[in-house]
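Chemist: sequence plus the predicted model coming up.
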Amino acid sequence: MDANSLARLPIDTDRAGQLQALLTDLDPATLTWVSGFVAGLAAERARAGGRAAAPAPPAPEPPSVAAPPAAESAPRALVLYASQTGNGRRVAERLGRSLEAAGLHAAVYAASDYPLRQLADERLAYFVASTHGDGEPPDDARPLIDFLAGRRAPRLDRLAFTVLALGDSSYPKFCATGRALDERLAELGARRLAARVDCDVDIDAKAGPWLEHAVTSARAETGTSAPRLSVVTPLRPAPSQAATREHPVEVELLVNQRITARGADRDVRHVELALPEQRFDYEAGDSLGIWVENAASAVERTLELARLDPAVAVTIDGTTHSLRTWLTQRREVTRLARPLIEQLAERSRSDELRAWLAPGGAPQLRAAFKELQVADLLRRFPAEWDPDGLVRALHPISPRLYSIASSRREVGDEAHLTVAVIDYERDGERRHGAASWQLANLVPGARLRAYLEPNPRFRVPADGARDVIMIGPGTGVAPFRGFLQARIADGARGRNWLLFGGRRREFDFLYQLEWLNALRKQQLHRLDVAFSRDHQAKVYVQHRLREHGAEIFRWLEGGAHLYVCGDAERMAPDVHEALVALVAEHGGRSQSAAQEYVAELAAARRYARDVY
């Protein structure tokens, strides 16, 4: 909007400037929504005789897509999502907006927030289900999965449904949660609108067509032939005001400080970033997504082993870049993709790779995904490649998520991160993590593209009188630094207990001085640590949990909230097992009753995990 356009607006200059600021950087879809909103607002005020209507109350949470006032007479479509990192939520909210625009009342819920017994009354439902780790459902999906698997699960003969499963083919149990959900709904009598669609990390490739079919099928099922006219809808502020995955914002590096001693096994950095005002309205517990490029050394090594010209142009889905640009900015070279292994097995005619991909090869495949980069695989299994084939075999590059280690109440327009630098040697060459290595080598003043990934299920208690127990080994302690800052700033009266784990006290006690200072000031009321390599017998946080089981249980019985952050593969299951065991022992319960107790804590949001 230029100066001449502003001058023609029938409002004063100040308001015109405010309007221009609000509309800056909005994408076409959001601008279209704004135009409909304003048209509906004009119609409503005309009906009210030109008077400004009272401000609409904020939409409740959940659902995350609010229904317009006229929606009660519109056919209802349920959109239920189970998401661990936010991808499922984004797809579900996108579907909700599309269904609303198509003339339906879209009720969009996180699976953990939906009243499950109401499912028997639904007629039309769309499920977006992520799989976390190696076949695990996201934490917010567990109530739904358990409910449907139990004896009290209702018959769903009147329900029409379809499932979009999200996963990562790097794991053998690809899209297991969505697959199990799809099969169980059918067993309970529900009718499939369409076959389940399984999405790899390149979500849009399959999610886009699924979304289009979802809207078409909803219209067919409900007899809705045309979109409703624009209505005033009390939604949250336009999402484009915040930095999002699709619309990241540049942030400036302020501090890059190593916080492990020089003799430590790992280099861990404390990173401080300056945030543009009003673009990152985060809460303690949220994450920051960082978009990165691959290191030049990793790209060169991949090109050399593939024996390809980096300058050759490659066109994928209408987008053309040089091969070097594809590998630097658009494709993963530090993370393997199942399509790469499948292609390499065919091109190299390797029986070993075929064995990895066979049903019994899961352990070898899992180890490869965990330990190898693209160059490692190309060196080990030489083959002829063409540029187009290589690009198509690699996963699209993904942003890296880091738990925010600060509270805005304490640091203002900044976000602090705790970053473990991936840097090791293989076959005589250095290997680096794409994001952590880039961050480690930036100097103050450097700029990064970042966005906010909210985590509404990982929050300090709204009731400041509640006690909190925080379990965070290694960099998993990051969000609890933010938790403590928020609790102090809010004047919370509840007690704070931190259980921290590392390898060696001398080298790996992250934020040691801050914790000890908070302990001295009685802002942190209890601190227990476990350093696995300081003793002959390794000690981890789950051992401390069992050791202090009686006190942990007393805190829980008193209403405490318990949080876990860190490694999903070993630490989180071990901590969960220890939690169930201490409830059984100190609560005088059977194993099954203790498991039910812990499940009830999770359902009440008093047991929350942020694991990866």
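Modeler: The structure has been received and is ready for your questions.
Chemist: three-state assignment of Trp555?
Modeler: Three-state assignment for Trp555 (DSSP: H, G, I helix; E, B strand; the rest coil): helix.
Chemist: neighbours of it, just the number please.
Modeler: As a burial measure, Trp555 scores 20 neighbours (other CB atoms under 10 Å). (Glycine included, C-beta is placed from N, CA and C.)
Chemist: could you find the closest non-adjacent residue to it?
Modeler: Asp467 (5.3 Å; CB to CB, 6 or more residues apart in numbering).
Chemist: wait, isn't the one you found in contact with Ala492?
Modeler: No. Assessed by CB atoms under 8 Å, Asp467 is found out of contact with Ala492, at 9.6 Å.
Chemist: now do the SS call for the residue sitting nearest the centre point of the chain.
Modeler: By CA atoms, centre = their mean, the chain has its centre lying nearest to Thr85, at 1.3 Å. Using three-state DSSP, the structure places Thr85 in coil.
Chemist: for the stretch 501-612 of the chain, which segments count as strands?
Modeler: Using DSSP state E, counting those that start in this stretch, the strands found in the stretch 501-612 of the chain span residues 526-531, 561-566, 607-611.
Chemist: what pairs with the first one, parallel or antiparallel?
Modeler: Meaning strand 526-531. In the sheet, strand 526-531 lines up against strand 496-502 (parallel) (DSSP bridges).
Chemist: try the shortest one
Modeler: Strand 607-611 has its sheet partners listed here by DSSP bridges as strand 561-566 (parallel).
Chemist: tell me the mean pLDDT for the strand it pairs with?
Modeler: In this model, strand 561-566 has a mean pLDDT of 97.
Chemist: contacts for that strand?
Modeler: Contact with strand 561-566 is made by 403, 458, 460-461, 466-480, 483, 552, 556, 571-572, 575-576, 579, 601, 605-612, as judged by CB atoms under 8 Å, 6 or more residues apart in numbering.
Chemist: ok so, going back, which residues touch the residue nearest to Trp555?
Modeler: Contacts of Asp467 (CB under 8 Å, 6+ apart): 494-497, 555, 558-561.
Chemist: and if we set it to 6 Å?
Modeler: Asp467 makes contacts with 494-495, 555, 560, as judged by CB atoms under 6 Å, 6 or more residues apart in numbering.
Chemist: same question, Ser350
Modeler: Counting by CB under 6 Å, 6+ apart, Ser350 makes contact with Phe381.
Chemist: which residues of the protein score low on pLDDT?
Modeler: The chain contains residues with pLDDT under 70 at 1-73, 225-240.
Chemist: now, the contacts of strand 561-566 that are in helices?
Modeler: Here DSSP state H is the test, and the contacts of strand 561-566 give 478-480, 483, 552, 556, 571-572, 575-576, 579, 601 as lying in helices.
Chemist: may I ask which of those residues has the most neighbours?
Modeler: Pro479 (30 neighbours).
Chemist: please spell out the ChimeraX selection for the buried subset of the contacts of Asp467.
Modeler: To isolate the buried ones among those in ChimeraX, judged by 16 or more other CB atoms under 10 Å, type:
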select :494,495,555,560
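Chemist: distance to His548 for the contacts of Asp467 - can I get that in JSON lines?
Modeler: Listed next are the contacts of Asp467 as JSON lines, based on distance: CB to CB, whole Å:
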{"residue": "Gly494", "distance to His548": "18"}
{"residue": "Arg495", "distance to His548": "14"}
{"residue": "Trp555", "distance to His548": "10"}
{"residue": "Ala560", "distance to His548": "13"}
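Chemist: widest-spaced pair of the contacts of Asp467?
Modeler: Put simply, by CB to CB the two of the contacts of Asp467 set farthest apart are Gly494 and Trp555, 9.9 Å from each other.
Chemist: which residues touch the closest residue to the residue nearest to the centre of the chain other than its chain neighbours?
Modeler: Excluding the flanking residues, the one nearest Thr85 by CB to CB, 6+ apart is Leu401, at 6.2 Å. Contact analysis of Leu401 by CB under 6 Å, 6+ apart lists 287, 289, 453.
Chemist: repeat for Gly549
Modeler: The neighbours of Gly549, taking CB under 6 Å, 6+ apart as the test, are 582, 586.
Chemist: same check, this time on Gly472
Modeler: 480, 565-566.
Chemist: could you list the domains of this protein?
Modeler: 3-55, 69-222, 249-291+399-453, 296-393, 468-611 (automatic domain parsing).
Chemist: and the strands in the stretch 51-200 of the chain?
Modeler: With DSSP E, counting those that start in this stretch as the criterion, the stretch 51-200 of the chain has strands at 76-82, 105-110, 124-130, 160-166, 191-192, 197-199.
Chemist: can you give me the strands in the stretch 351-500 of the chain?
Modeler: In the stretch 351-500 of the chain, the strands defined using DSSP E, counting those that start in this stretch lie at 400-403, 414-421, 423-426, 429-432, 447-453, 468-471, 496-502.
Chemist: dump these to CSV, plus distance to Ala74.
Modeler: Formatted as CSV, these follow (distance: least, CB to CB, whole Å):
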stretch, distance to Ala74
strand 400-403, 36
strand 414-421, 40
strand 423-426, 55
strand 429-432, 53
strand 447-453, 31
strand 468-471, 42
strand 496-502, 47
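Chemist: Ala111: which of those is closest?
Modeler: Relative to Ala111, the nearest member of the strands of the stretch 351-500 of the chain by CB to CB is strand 447-453, separated by 18.2 Å.
Chemist: many thanks, we can stop here.
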